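Colleague: just the structure for this:
(2 chains)
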2 protein chains.
Amino acid sequence: MSALVSEVSEVLVGLGERSYKIYLGAGLFNSESMFKTCVNSQYICLISSEAVSQLYLEQFLKNLEKFNLNKNLKIIKIILPNGESAKTWDSLNLIFTELLKFSMPRKTLILALGGGVIGDIAGLAASLYQRGVPYIQIPTTLLAQVDSSVGGKTAINHPLGKNMIGAFYQPRAVLIELDFLRTLPDREYFAGLAEVIKYGLIFDGEFFNFLEKNKNKILNKDPEILLKIIKKSCEIKSHIVSLDERESGLRAILNFGHTYGHAIETLTNYQTFLHGEAVSIGMVLALKKSMEIFNLELGLEPDLLNRVLDLLKFLNLPTDIPQNLNQTLSSENMLSAMARDKKNSGETRRLTLILLKKLGQAEICDIQI
Amino acid sequence: MSALVSEVSEVLVGLGERSYKIYLGAGLFNSESMFKTCVNSQYICLISSEAVSQLYLEQFLKNLEKFNLNKNLKIIKIILPNGESAKTWDSLNLIFTELLKFSMPRKTLILALGGGVIGDIAGLAASLYQRGVPYIQIPTTLLAQVDSSVGGKTAINHPLGKNMIGAFYQPRAVLIELDFLRTLPDREYFAGLAEVIKYGLIFDGEFFNFLEKNKNKILNKDPEILLKIIKKSCEIKSHIVSLDERESGLRAILNFGHTYGHAIETLTNYQTFLHGEAVSIGMVLALKKSMEIFNLELGLEPDLLNRVLDLLKFLNLPTDIPQNLNQTLSSENMLSAMARDKKNSGETRRLTLILLKKLGQAEICDIQI
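Modeller: Residues are numbered from 1 along each chain as shown, chains lettered A, B, ... in the order given. Modelled structure (predicted):
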C-alpha cells in the first residue's frame, strides 16, 4: 500500500519541447503513482550526498523496487561527500566512471536526491553523459526546492571561479517532497527563506506582503504556509525562466543580491556563510544601492529598507557584514570580487547589478564603478 | 587588401533559433567580408593544434587583427597537442583555466581551427564555459569539413569509452576553407572521402553515381569537384541533422559503418587506422550484413558490393581487415566491442545497426546477436 498524498500541486515550466512539471506535496516520496508517473525507467542512476542518503536512501530504494514497472530494473547509486567541495570535476568523473563501468545506456534516468550541490552535479552529469540523458530533481533542502532545482542551471566549480563550468539542461521533472524539510537543520531552512523573500522583492510585491503577514507561521514551519510559499516561489521562477531560459536578459533579475552575495562567499572562502545567508546580506546591500541610484523616484517607498531588514532579522537571517569581517569584506575587496563575477560583461570599471525600482520590480542596471 | 574569394557557397543548417550557415570557398580564410560577418567579437579564444597552428596561426592572427571591427580586441590562443589523445578532460580544463585566468567574459567567441579533435574539444569547451559561449568551426581536414564540424556533436573521451562525455551544442557558423586541403596529407584526404561516400550510400544514390563517375578527378583533388562533393556532403548532413538534432531516430543513419568502425578503432587502440579508414572497412562489413538480412528483397542490387569495393579501393581506402589483425579483430571481439558502443540501447544480445535497404536508403535495424 502506498502512502496517501493529501494533495499534489503542480507547476508547469513552459519551455516548448523542454517543458516539465514541478510536483509538490507531503508524502510524494512514498507515493506509488508519483513513482509510476516520473521514475519509471529500467535503468536508474541515483546520486545523493552522505547526509541525505543516511536519512532517505533505504526508503527510496525500497520504493523504487516496489513501484517501478520494469522487469530487470538496474539501479546504481553514487554517494558524494557533503557540501560545496564536492562540486568538482573529480565528482563528475566518478559519476561517469560508474555509469560506464556498469554499461549504463543512453536511456538511463539520473535521479538527483539532495540539496543544491547534488542537483548541480547530477544535472551536469546528465547533460554530458553520452551527450545527454534524462534526469529528475528531488531537492531535499528549502533552497534547492525554491531555487536551484528549477530552471536547468547545472554546474561544477573551477579553482578560479564558482559555477564556471556548466550547462543549461532542463530536468524531466522536479519532485518537491515537503516532508524532507522536517529533517532540515534550522539554519539551512532560514537560509532558504532568503530566496523566497527575493521573489517577493523582485517580482511580486503582494507576495512580499504575504510573507510579512505570515512571518510567525513561516518561522514555525507551518505545513500549509510552507506549501504556499514554495509553490509561489516555483511559479515565479518558472515564469521568469520560461521567458528567458538562457539568461540573455530578464532571467538575470533572479541574481538580485547575488553579485554581492557571491563576492561575500568568495572572499570568505565559502566557510562563513550559507549561500542564502550571503544572499540575505547581499539583498540589503543591493537595496541600499537601489535607493542611492533611484532616490529621486517615487516608486521605492522610503520604509522598504526597514521592512526588509525586519523580515530578514525575524527569520534569523544576517543583514550586514559582521564587524570581524569588515576588513576581509571591505568595499574595495567586494568591488574587485564583483568585477570578476561571470554575470559581468568583461568591461572594466563597469558592473551589472540588479536593483529594485520599487517593491516587486527589479531592473538590470549597468553601473559605473 | 583582402584576398579575393572566387565564390562563396552557403548551406543553411535549419534548427530554429539554433540555425546557422556553413560557408564554403577557396580564399575564405583571407576574406575581409568573411571575418567581418562571422568573426566579429571583441573577445576571442582561438583553439588549434600544434600541426595546424604551425601552418596557419600567424596568418590567421594577422587577419583577425586587420579585419576585426572592435577596438581593444582581446585574443587568447590555446594550442593543444596533435591527435585523439588530446581529447581529454585535461585539455578541456586547460582551456577553462586560460579563459578564467584572462577573465574572458560570457560573450567570448571561441574559434576551433583544426580537425575533428580540435572541433570536438573546442565545441565542448564553448558549451560549458560559463554555461555556454558562442563558437565557430573552421575545419582544416576533409573529414572535419564534411562531417564532424557540422551538426553540433562535441565530446571528449573517457578512459572507458570514446566520446562518452559531450554535448549537442551548435556552432554559430562553419567556415570551410578549401585551400586548407592543399596541405592535408594524402592519407587524411582519402580517409575523409570515406564519409563522403557514406552520404551517397545512405541517402543519395545519385550522389554515389556522381562520385563513381568522377573518381579520377576526386583522386586528383580537382578544386571544382572538391567544392561540389563537400557542399553536397554538408547539405545531406544538414538536412538529416535539422530533422533530428539529438539523434532520437533518423540521425542514427549517419552511423552507417561506424558501429563496426568504432569497434575496429577500439580494439586496435586507435593506433592502426584513421577514423575514415576504420569506417571504410566498417561500411563494407555493414553492407555485407545488409545483404544477409535483406537478401530476399529486390532493392539491394547484387553488384552494389562490388561497386562500393571498387570505389573505396580506387580512393586508397582499406576494405577488409588485414590478415595480421584477424585475431585482434575476430568476430567475437568485434561483437563484444560493438555491444559496448553507446549507440546501443543496453539490452543484452541485441545490437542496433544501420543497414542499407538499397543504394541511397539506410535503415536502423535492431539485430539479434
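Colleague: please make it C-alpha for all contacts and neighbour counts, starting now.
Modeller: Noted.
Colleague: can you map out the helices along the stretch 101-250 of chain A?
Modeller: Taking DSSP state H, counting those that start in this stretch as the test, the helices found in the stretch 101-250 of chain A are A:116-128, A:142-143, A:186-203, A:205-213, A:215-219, A:223-243.
Colleague: so which of these is the most packed in?
Modeller: Per-residue neighbour counts averaged over each of the helices of the stretch 101-250 of chain A give the maximum for helix A:116-128, namely a mean of 28 (mean count of other C-alpha atoms under 10 Å in any protein chain shown).
Colleague: contact partners of that one?
Modeller: Outside helix A:116-128, the residues within contact range by C-alpha atoms under 8 Å, 6 or more residues apart in numbering or on different chains are A:47-49, A:80, A:83-84, A:86-87, A:91-92, A:95-96, A:110-113, A:132-135, A:137, A:139, A:141, A:143-144, A:148-149, A:152-156, A:166-167, A:169, A:171, B:164-167.
Colleague: for stretch A:172-184, same thing?
Modeller: Here stretch A:172-184 makes contact (C-alpha under 8 Å, 6+ apart) with A:18-29, A:38, A:134-142, A:145, A:149-150, A:189, A:223, A:226-227.
Colleague: buried among the residues you listed? Make that a ChimeraX selection.
Modeller: Listed next is the ChimeraX selection for buried residues among the contacts of stretch A:172-184, using 16 or more other C-alpha atoms under 10 Å in any protein chain shown:
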select /A:20,21,22,23,24,25,26,27,28,29,134,135,136,137,138,139,140,141,142,145,149,150,189,223,226,227
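Colleague: of all the helices of the stretch 101-250 of chain A, which lies closest to B:L287?
Modeller: helix A:116-128 (32.2 Å; C-alpha to C-alpha).
Colleague: coming back round to it: report the buried members of the contacts of helix A:116-128.
Modeller: Counted by 16+ other C-alpha under 10 Å, the contacts of helix A:116-128 give A:47-49, A:80, A:86-87, A:91-92, A:95-96, A:110-113, A:132-135, A:137, A:139, A:141, A:143-144, A:148-149, A:152-156, A:166-167, A:169, A:171, B:164-167 as buried.
Colleague: identify those among those that sit within strands.
Modeller: The members of the buried ones among the contacts of helix A:116-128 that map onto strands under DSSP state E are A:47-49, A:80, A:110-113, A:135, A:137, A:139, A:153-156, A:166-167, B:164-167.
Colleague: worst-scoring helix or strand of chain A, pLDDT-wise?
Modeller: None of the helices or strands of chain A scores lower by mean pLDDT, DSSP states H and E than helix A:32-38, at a mean of 85.
Colleague: B:P105 is nearest to which of the helices of the stretch 101-250 of chain A?
Modeller: Counting by C-alpha to C-alpha, B:P105 lies closest to helix A:116-128 out of these; the figure is 20.9 Å.
Colleague: centre of the chain to the closest one, how far?
Modeller: Helix A:116-128 sits 12 Å away from the centroid of its parent chain (C-alpha atoms, centre = their mean, to the nearest Å).
Colleague: chain B contacts on the stretch 151-300 of chain A?
Modeller: If contacts are counted using C-alpha under 8 Å from any C-alpha of the partner chain, the residues of the stretch 151-300 of chain A sitting beside chain B are A:A155, A:L160, A:G161, A:N163, A:M164, A:I165, A:G166, A:A167, A:F168.
Colleague: just send those residues back as TSV, with distance to B:K62 and pLDDT too.
Modeller: Putting these into TSV (distance: C-alpha to C-alpha, whole Å; pLDDT from 0 to 100) gives the following:
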residue	distance to B:K62	pLDDT
A:A155	36	97
A:L160	31	88
A:G161	32	85
A:N163	34	92
A:M164	31	94
A:I165	31	97
A:G166	33	98
A:A167	33	98
A:F168	35	97
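Colleague: show me which pair in the residues you listed is furthest apart.
Modeller: When C-alpha to C-alpha is used, the two most widely separated members of those are A:L160 and A:F168, lying 20.5 Å apart.
Colleague: the more surrounded of these two?
Modeller: Each of A:L160 and A:F168 has its neighbours counted (other C-alpha atoms under 10 Å in any protein chain shown); A:F168 has more, 21 against 15.
Colleague: could you chop chain A up by domain?
Modeller: As given by automatic domain parsing, the domain ranges for chain A are A:9-183, A:186-368.
Colleague: of all these, which one is nearest B:P185?
Modeller: Distances from B:P185 to each of the domains of chain A were compared using C-alpha to C-alpha; the shortest belongs to domain A:9-183, at 31.1 Å.
Colleague: pLDDT score for A:E292?
Modeller: Here the pLDDT value assigned to A:E292 is 87.
Colleague: contacts made by the helix or strand hosting it with the rest, please.
Modeller: Under the assignment given by DSSP states H and E, the secondary-structure element containing A:E292 is helix A:275-293. Under the criterion C-alpha under 8 Å, 6+ apart, residues A:143, A:190-195, A:198, A:256-262, A:264-265, A:300, A:305, A:308-309, A:312, A:317-321, A:353-357 lie in contact with helix A:275-293.
Colleague: what packs against the least confident helix or strand of chain A?
Modeller: In this structure, helix A:32-38 makes packing contacts with helix A:50-67, judged by 3 or more C-alpha pairs under 8 Å, 6 or more residues apart in numbering or on different chains; DSSP states H and E.
Colleague: give me the residues contacting the helix it packs on.
Modeller: Contacts to helix A:50-67, defined as C-alpha under 8 Å, 6+ apart, come from residues A:29-30, A:32, A:35-36, A:39, A:73, A:79-82, A:113-114, A:140.
Colleague: what do you get for stretch A:300-319?
Modeller: For stretch A:300-319, the external contacting residues (C-alpha under 8 Å, 6+ apart) are A:190-191, A:193-194, A:212, A:215, A:219, A:277-278, A:280-281, A:284, A:287-288, A:291, A:294, A:356-359.
Colleague: same question, stretch A:104-112
Modeller: Outside of stretch A:104-112, the residues that reach it under the criterion C-alpha under 8 Å, 6+ apart are A:39, A:41-48, A:118-119, A:122-123, A:126, A:129-130, A:132-139, B:342-346.
Colleague: try stretch A:330-343
Modeller: A:164, A:259-260, A:262-264, A:266-267, A:348-352, B:103, B:105-106, B:130.
Colleague: what does stretch A:248-261 give?
Modeller: Stretch A:248-261 is contacted by residues A:198-199, A:202, A:237, A:240-241, A:243-245, A:275, A:278-286, A:334, A:338, A:341, A:343, A:353-355, A:362-364 when judged by C-alpha under 8 Å, 6+ apart.
Colleague: apply 7 Å and report the result again.
Modeller: The contact list for stretch A:248-261, computed with C-alpha atoms under 7 Å, 6 or more residues apart in numbering or on different chains, reads A:240-241, A:244, A:278-279, A:281-283, A:286, A:338, A:341, A:354-355, A:362-364.
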